[in-house]
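Novice: Take this sequence and fold it.
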Amino acid sequence: MSVAPDEAQRVVFGRTLVERMETDPRILLLDGDLANSTRADIVALERPDRFLEMGIAEQNLVGVAAGLAAMGYRPWVSTFAVFVVKRALDQVRMQVAQTRLPVRLAGGYSGLLTGFTGKTHQAVEDLAVMRAMPGMTVLAPADAWECVAAIHWAAEHPGPVYLRLARDPVPPVFASPPAGYDPSRATWLRRGRDLALVSTGTQSGRVLRAAGLLAAHGVEAGVLHLPALKPFAREALLEAAGCGLVVTVEEHTVLGGLGSLVAETLADGRPTRVVRWGLPDVFGESGPNAALLDAFGLSAERVAERVRRLLRGQPDLPCPAIPTLDGLQPAPGGNAP
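Specialist: Below you'll find the predicted structure:
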């Protein structure tokens, strides 16, 4: 399949599943009435015989997928990450994780960058929730190339999988499809002696660009990309600790996700200073992608600036205030906008 290096992961998802269906009659796609957003509609158009529209009923969506898996199918569940991880969590736990059935949960519109949907539709805790789920594999590809590889790998995996997908296109991290994709193996995108920046998912591309900005200031930052949080590349994390300072950067809460994984691993295997950057104990907000990344200190420019301050011993920059509706007062005789 031909993939543009900067193609949106949601488009890659639909197109890759169509390709897999040509050789695997067990694959079905179950949609939660969001096909035109998650691009499951690519499957609906090209393989309507393999597409099941389940409506806005996420618990039933997961339950039906589990039943199909028990009958020998390899179903994929497609909806927003916030819905499959939160609204259908009991069904994921009881019917998929505990049974270890081969259900693939595709969480689209993950993280902050969900097209102005705001905190109700942003999944910034999904990696923490799914990482804590016994038996669940948790994949977070960096770009379109790795997304294709992750989907093909997940299609063959015998147990449940959660795949974190981004809404919008991102610049490529890899020059070509990763050869021999293995979620338990990390990739050094850049080597550096001053500190190691560890990231996952599409945030890895922004961190890689931040390392380039830092190099212009004489700071050599290594960049380690983890394609999965479960399984994960333990030996690569221990190697990263050799820099003496490890900074994790994730488009996710700092509680329970990548930062927690790295801190736990190094505390047990190679005690090292770990600084965790991501969303503090807050929900996201609605806004343009660039504004949200800047506000939460996750853009390439903000990450580079924060690293320079960290190395100089200066306090971290506070996240600027994000305009919200919280402080607005109702207009006379009406409701707040």
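Novice: residue boundaries of the strands in the protein?
Specialist: Taking DSSP state E as the test, the strands found in the chain are 27-31, 51-53, 74-80, 104-108, 137-139, 161-164, 187-190, 195-200, 221-226, 228-230, 245-253, 273-279.
Novice: between these, which one is nearest to residue 178?
Specialist: The closest of the strands of the chain to residue 178 is strand 187-190. By Cβ to Cβ, the value is 7.5 Å. Bear in mind the C-beta positions are built from the backbone N, C-alpha and C, glycine included.
Novice: okay, the strands of the chain in JSON lines with mean neighbour count next?
Specialist: Converted to JSON lines, the strands of the chain look like this (neighbours: other Cβ atoms under 10 Å):
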{"stretch": "strand 27-31", "mean neighbour count": "23"}
{"stretch": "strand 51-53", "mean neighbour count": "17"}
{"stretch": "strand 74-80", "mean neighbour count": "28"}
{"stretch": "strand 104-108", "mean neighbour count": "28"}
{"stretch": "strand 137-139", "mean neighbour count": "27"}
{"stretch": "strand 161-164", "mean neighbour count": "29"}
{"stretch": "strand 187-190", "mean neighbour count": "17"}
{"stretch": "strand 195-200", "mean neighbour count": "28"}
{"stretch": "strand 221-226", "mean neighbour count": "26"}
{"stretch": "strand 228-230", "mean neighbour count": "25"}
{"stretch": "strand 245-253", "mean neighbour count": "26"}
{"stretch": "strand 273-279", "mean neighbour count": "21"}
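Novice: which stretches of the stretch 51-200 of the chain form helices?
Specialist: In the stretch 51-200 of the chain, helices defined by DSSP state H, counting those that start in this stretch lie at 58-70, 81-82, 89-91, 126-131, 144-156, listed in chain order.
Novice: Pull out the buried positions in the first one.
Specialist: Within helix 58-70, the residues that count as buried by 16 or more other Cβ atoms under 10 Å are 58, 61, 62, 63, 64, 65, 66, 68, 69.
Novice: Now do it against strand 104-108, angle only.
Specialist: If you take axes from the mean of the first three to the mean of the last three Cα atoms, to 10 degrees, helix 58-70 sits at 150 degrees to strand 104-108.
Novice: what does the average pLDDT come to for helix 58-70?
Specialist: Helix 58-70 shows an average pLDDT of 98 in the prediction.
Novice: mind checking how far it is from the chain centre?
Specialist: Here helix 58-70 is found 23 Å from its chain centre; the criterion is Cα atoms, centre = their mean, to the nearest Å.
Novice: Over to the fourth one?
Specialist: The offset between the C-alpha centroid of helix 126-131 and the centroid of the whole chain comes to 10 Å, using Cα atoms, centre = their mean.
Novice: For residue 213, find the nearest of the helices of the stretch 51-200 of the chain.
Specialist: Counting by Cβ to Cβ, residue 213 lies closest to helix 144-156 out of the helices of the stretch 51-200 of the chain; the figure is 22.9 Å.
Novice: average pLDDT across the closest one?
Specialist: Across helix 144-156, pLDDT averages out at 96.
Novice: Can you tell me which helix or strand of the chain has the lowest average pLDDT?
Specialist: helix 289-295 (a mean of 94; mean pLDDT, DSSP states H and E).
Novice: hmm, back to that, okay, the helices of the stretch 51-200 of the chain in TSV with distance to residue 26 next?
Specialist: As requested, those are exported to TSV (distance: least, Cβ to Cβ, whole Å):
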stretch	distance to residue 26
helix 58-70	9
helix 81-82	24
helix 89-91	21
helix 126-131	23
helix 144-156	9
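Novice: Does anything pack onto the least confident helix or strand of the chain? Which helices or strands?
Specialist: helix 300-311 (3 or more Cβ pairs under 8 Å, 6 or more residues apart in numbering; DSSP states H and E).
Novice: Just the C-alphas of the helix it packs on, formatted as CSV.
Specialist: Backbone C-alpha positions of helix 300-311 (Å, rounded to 0.1, in the frame of the first residue of the first chain) are rendered in CSV as follows:
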residue,chain,number,x,y,z
ALA,A,300,9.0,21.8,19.7
GLU,A,301,9.9,25.4,20.6
ARG,A,302,8.5,25.1,24.2
VAL,A,303,10.2,21.8,24.8
ALA,A,304,13.6,23.3,23.7
GLU,A,305,13.1,26.3,25.9
ARG,A,306,12.2,24.2,28.9
VAL,A,307,15.3,22.0,28.4
ARG,A,308,17.6,25.0,28.3
ARG,A,309,16.0,26.4,31.5
LEU,A,310,16.3,23.0,33.1
LEU,A,311,20.0,22.7,32.3
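Novice: And that helix, what does it pack against?
Specialist: Using 3+ Cβ pairs under 8 Å, 6+ apart, the elements in contact with helix 300-311 are strand 195-200, helix 203-215, strand 245-253, strand 273-279, helix 289-295.
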